[in-house]
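# Build me a model:
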Amino acid sequence: MGFLDKLFGKKEKESLDQGLQKTKENFLSKITKAIAGKSTVDEEVLDNLEDALVTADVGIDTTIQIIEKIEKRVSKDKYLNTGELNKILQEEIESLLVEAPDANAYTFASTLPAKPYIILVVGVNGVGKTTTIGKLAYNFKKAGKSVLLGAADTFRAAAVDQLTIWSERAGVPIVKQPMGSDPASVAFDTVQSGVSRGTDVIIIDTAGRLHNKAHLMEELSKIKRVIQKHIPDAPHEVMLVLDGSTGQNALEQAKHFTAATDVTALVITKLDGTAKGGVVLAIASQFKIPVKFIGVGEKMEDLLVFDRHEFVDSLFSLDNKS
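Numbers count the residues shown, from 1 in each chain. Reported below is the predicted structural model:
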């Protein structure tokens, strides 16, 4: 467990506990109500638990999987009592997340598999995409890596301006062109510049529109093609940013984007201000795409590497209410 010890220190765990406070209160209060006054896990408890999980934004598909696993445990251990249910629930939720492909979780200081390591960031406007890019840049730089940003969301002046502000905050260079420029051209320039500078990590922002899936697919394919003129196996990561506070809407966005492009990793933001963090379980188990990072606050350090065990542990721990 040495790697995870380094990955998740005391400070990160405190940030996670704090960031999930609202979700935890919502989640645990619903589960507590579901089993109140019951001494054994019977059909009624399972029905109540199913309702509790669905309304805690865990999603219907994921809830059914969890309930089926618990039913199997109940039929095996005939005298299961409700006192054991929380522990079993915790185990089954974690095992469900473990079934998703391994997140290849890396710390920001880990050796990356390529240089430059190119990350293409996708997601609709307003989900915290630009903020996430800024936080990624800051954390990679803090870990001793050189970073270059590419402002390929050229349809909104605000997107380029915001990314420029984040590049200044993080202290990393940015490649940009006037508003309305061809996004693929910006991506090409960014990679060219990154290669000539010997940059470790290149992060490219893309347009956040979803009303036309075919257009989105076409645009992202074009960006990928021009990047591959420089580096044939790039981009090395296509990262989809989702706003956790939108609950089931985040699930819908994940469906659209995974249909439009090969998403390889997920970032779920804004978990600190919402009680809908249960959607992380739905997204992680349903799409079988690793959740790599979660956003649990405004500070640069509040982008945490996602660790399934620690996430579920924080969701069920009651002891940090201040």
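
# Thought T82 was touching T40, still the case?
Yes. Counting by Cβ atoms under 8 Å, T40 does reach T82; the two are 6.8 Å apart. For glycine as for every other residue, the C-beta is placed from the backbone atoms N, C-alpha and C.

# contacting residues for S185?
For S185, the contact set (Cβ atoms under 8 Å, 6 or more residues apart in numbering) comprises 177, 226.

# From S193, how far off is it?
According to Cβ to Cβ, to the nearest Å, S185 and S193 sit 12 Å apart.

# same question, I165
Taken as Cβ to Cβ, the span from I165 to S193 is 20 Å.

# which one of these two has more residues nearby?
S193 (16 against 13; other Cβ atoms under 10 Å).

# buried ones in stretch 214-232?
Judged by neighbour count (16 or more other Cβ atoms under 10 Å), stretch 214-232 contains these buried residues: 216, 219-220, 223-224, 226-227, 230-231.

# can you check stretch 136-147 too?
Neighbour-count burial for stretch 136-147, counted by 16+ other Cβ under 10 Å, picks out 136-141, 145-147.

# Contacts for that stretch, please.
107-109, 112, 119, 149, 166-167, 169-172, 197-203, 293, 300-301, 303.

# Figure out how far that stretch is from the centre of its chain.
With Cα atoms, centre = their mean, to the nearest Å as the basis, stretch 136-147 stands 19 Å off its chain's centre.

# Can you get me the start-to-end distance on that stretch?
Terminal residues of stretch 136-147 are spaced 9 Å apart (Cα to Cα, to the nearest Å).

# and it, average pLDDT?
Mean pLDDT, stretch 136-147: 95.

# Strands along this structure, start to end?
Applying DSSP state E to the chain gives strands spanning 117-122, 147-151, 174-175, 201-205, 237-243, 265-269, 291-295, 303-305.

# What helices and strands are in contact with the longest one?
Strand 237-243 sits against strand 117-122, helix 248-260, strand 265-269, with contacts defined as 3 or more Cβ pairs under 8 Å, 6 or more residues apart in numbering; DSSP states H and E.

# Now tabulate those in JSON lines and tack on distance to L96, mean pLDDT and mean neighbour count.
As requested, the helices and strands packed on strand 237-243 are arranged in JSON lines below (distance: least, Cβ to Cβ, whole Å; pLDDT from 0 to 100; neighbours: other Cβ atoms under 10 Å):
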{"stretch": "strand 117-122", "distance to L96": "25", "mean pLDDT": "96", "mean neighbour count": "26"}
{"stretch": "helix 248-260", "distance to L96": "15", "mean pLDDT": "87", "mean neighbour count": "18"}
{"stretch": "strand 265-269", "distance to L96": "16", "mean pLDDT": "92", "mean neighbour count": "25"}
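
# so which of those gets nearest T23?
Nearest to T23 among those is strand 265-269 (11.3 Å), distances taken as Cβ to Cβ.

# Tell me the strands beside the closest one, with direction?
Sheet pairing here is set by DSSP bridges, and for strand 265-269 it gives strand 237-243 (parallel), strand 291-295 (parallel).

# my guess is Q286 meets V58, correct?
No. Using Cβ under 8 Å, Q286 makes no contact with V58, being 10.3 Å away.
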